[in-house]
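Student: A structural model of the following input is requested.
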Amino acid sequence: MTPLARALFAPRRIALVGASADPSRLTARAHIHLRRHGFDGEILPINPRAETILGDRAYPSLDEAPGTIDHAFILLGAERVEEAVAACARRQVPVAMILSDGFAEAGAEGAARQQRVLAAARAGGVRLLGPNCIGLINVPARTALSVNAVLAMEPPLPAGRTALISHSGSLIGAILSRGAARGLGYSVLAATGNEADLGAADLLAMLAEDDGTDVIALFLETIRDPDGLRAAASRAFDAGKAVIAYKLGRSAAGAAMAVSHTGAVAGADAAVEALLGASGIARLDDFEALIEAAPLFAKARPLGAPRRAVSVVTTTGGAAALVVDRLGLAGIEATEVRDMTLAGTQPDRIAAALGEALADPRSDAAVAVIGSSAQFRPEDSVAGVLRAAGDAPRKPIAAFLAPDAPESARRLATAGIACFRTPEAAADALRARLLWRPPLPRGAAGDVAAARAALDPIPGAVADEWQARAVFAALGVPTGEAVLVADPDELARVAPGLRFPVALKAVSAALPHKTEAGAVALGLTDAGAAAAAIRDMRARLAGVAIRGFLIAPMEQGVGEVLLGFRRDPQAGPVVALGAGGVLAELMPPPAIAPAPLSPDQARALVDAAPLHHLRGARGRERGDMPALAEAVRAFSRLAGLAEVTEAEINPLLVRRAGLGVVALDALVVRAADGAGSFKGAVS
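Tutor: The predicted model follows:
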């Protein structure tokens, strides 16, 4: 561990700033829990009104406490925290943890207070965990540095090789207690609170270096540092550790609809899903699965080419049907169900059947479903599972116990076999395990100076189409031939060089959706028709500031796609690719990936996108998919322009194989202040 990680997770001299001598008070709990669970380092209570606290000498202030202090747990009210952090800075305490609320979660005044505390910490080189942080627990080090009520449980705490990082402090207690009931133990459990300084990504990076941890579980309410999370998860993977996560927010409506279609079709959770997948983090949908799945991932690597299939061995047909049904809903096929009901709990026969299931080349994993014997004959019911697991090749194996059978669950957990109490959790964990993939390398935005130069003259948040086309062209996205005219007279001068029929569009930053505004005319066969369309649009759009009229030849191709970019508040920059045109929102959801993309990642996004109309199905012509992938890669370089919060090409026309692609519409939205924070589009 680094010095900071040791000070955070394994301190030897802890100052409890604001410790209470009254054991009934919340501010006494950390002291009580530390001693009760065997902490053998020094505790320095800081309280000006007591000489001793719970048997330890107390000190009037942090300045008067002797010796080096590794970690300060600040138990004071919010209004006194800034003073305490300043004292930590004077004493060169490397890390301080803040219990109290009343900071950024409490409105503008609290947010300002949090910024002052953070400034005081940074000025003195102190790293902060919290505010609003209930504490952390290092089980092997017997450091129960928390006020969590779960620590009233009888020692020793259940030790294991799974770490937990949670935004919710109370859920640390829930997971610790539920895990203990299943025979599962933990290495480190830490809450992060408001993440004013150290956040989930920082703690994940530290635990990636922990020799006592194999699996790191995350309970996430939000993602504040997507780049840091991705880097830390990759670091953990390289260290041989799996990262699994439960992320709140699947059912939320997501971010407010943005200016582009992309904001509607690429919801916030889809962006988070893409980020977690690209980071090598296995996402779980079931909270129970977050607790029970760790053994499936311990000391494991992702499957090279998952078949999305499992083999099932069962001693109870009904319970097996529950599992198979849930697996199907999760997109996992049961290749075979070996019903051993008549064999009962004979360990040899169960082990043999599981051995065959594990050897089945059609499946990725095996599931043992055990009935009532798991509750009443634990010594027999799981013996066959244990034997098969011990003899098995490196292929995942899991168990679902139909009855409430804690003793059987503990035996399986001790052997490192994932055991589930519900079919939903079993199916969810197996889905996550089978679809888990390594972290993807980051693509490179490269030199975006030309695109920035095209962006710089844009005066407002929303660029008009002519300006947006210049940005995309500078990135390397084909935009096709087009001219901009101010009026019918200028049109007459350029008409001899036009290739009719043409499309004509009013160019205005006030018209991000031109079709709905009546600002588009298609199939104009000559200059007279185009001039008439200009006059009609001028009349129809009276009062709208129009830069001019864009005229481009009508294009033919195999089909249209939507190519979108947004700087998601949680997931960071992402690219979306789906069916395009005016019906984009009615088509299947687009495929999404973090930006920028490498060439391989762009091709993978094209392969994953719902673009059946371009793949030569039912005798249709095949589109130029390599050219589409190159356009996607070039477009994803928008990630290098921090000013751009959103962008879209809808439609991007895909021509026949070998003929390329061309952008038929263009939209760029940038931060109102030019710095990547345009609230009207993305918040």
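
Student: for residue 294, give me its contacts.
Tutor: Contact analysis of residue 294 by CB atoms under 8 Å, 6 or more residues apart in numbering lists 160, 162, 184, 215, 217, 244, 418. Every C-beta, even on glycine, is put in place using the N, C-alpha and C of the backbone.

Student: one more: residue 445?
Tutor: Residues near residue 445 by CB under 8 Å, 6+ apart: 596, 636-641.

Student: got those as CSV, with distance to residue 84 columns?
Tutor: Converted to CSV, the contacts of residue 445 look like this (distance: CB to CB, whole Å):
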residue, distance to residue 84
596, 43
636, 46
637, 46
638, 44
639, 40
640, 41
641, 42
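
Student: any of those residues buried? List them.
Tutor: Restricting these to buried positions leaves 596, 636-641, with burial counted as 16 or more other CB atoms under 10 Å.

Student: how is this structure divided into domains?
Tutor: Domain assignment for the chain, taken from automatic domain parsing, gives 3-213, 304-435, 559-682.

Student: based on its surroundings, how many neighbours for residue 191?
Tutor: 28 (other CB atoms under 10 Å).

Student: which residues touch the closest residue to residue 92 other than its chain neighbours?
Tutor: Spatial nearest neighbour of residue 92, chain neighbours left out: residue 125 (7.1 Å); criterion: CB to CB, 6 or more residues apart in numbering. Residue 125 makes contact with 89, 92, 94, according to CB under 8 Å, 6+ apart.

Student: ok, the first one to residue 70 distance?
Tutor: For residue 89, the distance to residue 70 equals 15 Å [CB to CB, to the nearest Å].

Student: near the closest residue to residue 167 other than its chain neighbours, how many other residues are there?
Tutor: Nearest residue to residue 167, sequence neighbours excluded (CB to CB, 6+ apart): residue 221, at 4.1 Å. Counted with other CB under 10 Å, the neighbours of residue 221 add up to 14.

Student: about what we covered before: determine which two of the contacts of residue 294 are furthest apart.
Tutor: Farthest pair in the contacts of residue 294 (CB to CB) is 160 and 244. Separation: 14.1 Å.

Student: so residue 395 sits in a helix?
Tutor: No: counting by DSSP: H, G, I helix; E, B strand; the rest coil, one finds residue 395 to be coil, located in no helix.

Student: just give me the neighbour total for it.
Tutor: Neighbours of residue 395 using other CB under 10 Å come to 17.

Student: ok, it touching residue 360?
Tutor: No: contact criterion CB atoms under 8 Å: residue 395 and residue 360 do not qualify, at 9.3 Å.

Student: need the residues touching each of the two.
Tutor: residue 366.

Student: tell me who's in contact with residue 610.
Tutor: Neighbours of residue 610 in contact, by CB under 8 Å, 6+ apart: 578-579, 587-591.

Student: filter those down to just the buried residues.
Tutor: Restricting the contacts of residue 610 to buried positions leaves 578-579, 587, 590-591, with burial counted as 16+ other CB under 10 Å.

Student: now these as a markdown table including secondary structure and distance to residue 548?
Tutor: Shown next, in a markdown table, are those (DSSP: H, G, I helix; E, B strand; the rest coil; distance: CB to CB, whole Å):
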| residue | secondary structure | distance to residue 548 |
| --- | --- | --- |
| 578 | strand | 31 |
| 579 | strand | 30 |
| 587 | coil | 32 |
| 590 | coil | 32 |
| 591 | strand | 35 |
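
Student: which of those residues lies closest to residue 664?
Tutor: Distances from residue 664 to the buried ones among the contacts of residue 610, taken by CB to CB, are shortest for residue 579, at 14.3 Å.

Student: let's see the pLDDT reported for the closest residue to the closest one other than its chain neighbours.
Tutor: Excluding its sequence neighbours, the residue lying closest to residue 579 (CB to CB, 6+ apart) is residue 587, at 3.8 Å. We have a pLDDT of 74 for residue 587.

Student: my read: residue 587 touches residue 578, true?
Tutor: Yes: in this structure residue 587 lies within contact range of residue 578 using CB under 8 Å: 6.2 Å.

Student: coming back round to it: from residue 383, how far off is the residue nearest to residue 92?
Tutor: Taking CB to CB, one finds residue 125 at 56 Å from residue 383.

Student: before we move on, what about residue 370?
Tutor: 11 Å.

Student: neighbour count winner among the two?
Tutor: The neighbour count for residue 370 versus residue 383, taken as other CB under 10 Å, is higher for residue 370 (29 against 18).

Student: that one contacts residue 401, doesn't it?
Tutor: Yes: assessed by CB under 8 Å, residue 370 is found in contact with residue 401 at 5.3 Å.

Student: which helix in this protein has the most residues?
Tutor: helix 108-124 (DSSP state H).

Student: which neighbouring elements make contact with that one?
Tutor: helix 81-90, strand 127-129 (3 or more CB pairs under 8 Å, 6 or more residues apart in numbering; DSSP states H and E).

Student: can you list contacts of the first one?
Tutor: Surrounding helix 81-90, the residues in contact under the criterion CB under 8 Å, 6+ apart are 17-18, 61-63, 69, 72, 74, 76, 96, 98, 100, 113, 116-117, 120-121, 123-126, 128, 131.

Student: how about 10 Å then?
Tutor: 15, 17-18, 46, 61-63, 65, 69, 71-72, 74-76, 93-96, 98-100, 102-103, 113-114, 116-128, 130-131 (CB atoms under 10 Å, 6 or more residues apart in numbering).

Student: please indicate which of the residues you listed are buried?
Tutor: Neighbour-count burial (16+ other CB under 10 Å) is assigned, among the contacts of helix 81-90, to 15, 17-18, 46, 62, 65, 69, 71-72, 74-76, 93-96, 98-100, 102-103, 113-114, 117-118, 120-121, 124, 126-128, 130-131.

Student: before we move on, back to that, which of the buried ones among the contacts of residue 445 lies closest to residue 146?
Tutor: Nearest member of those to residue 146, counting by CB to CB, is residue 639, at 38.9 Å.

Student: surely that closest one meets residue 568?
Tutor: No: between residue 639 and residue 568 there is no contact under CB atoms under 10 Å: 11.3 Å.

Student: residue ranges of the strands in the stretch 51-200 of the chain, please?
Tutor: Ranges of strands within the stretch 51-200 of the chain are 52-53, 56-57, 71-74, 95-98, 127-129, 135-138, 143-146, 162-166, 188-191, based on DSSP state E, counting those that start in this stretch.

Student: so for the fifth one, what's the average pLDDT?
Tutor: Read that as strand 127-129. Mean pLDDT, strand 127-129: 98.
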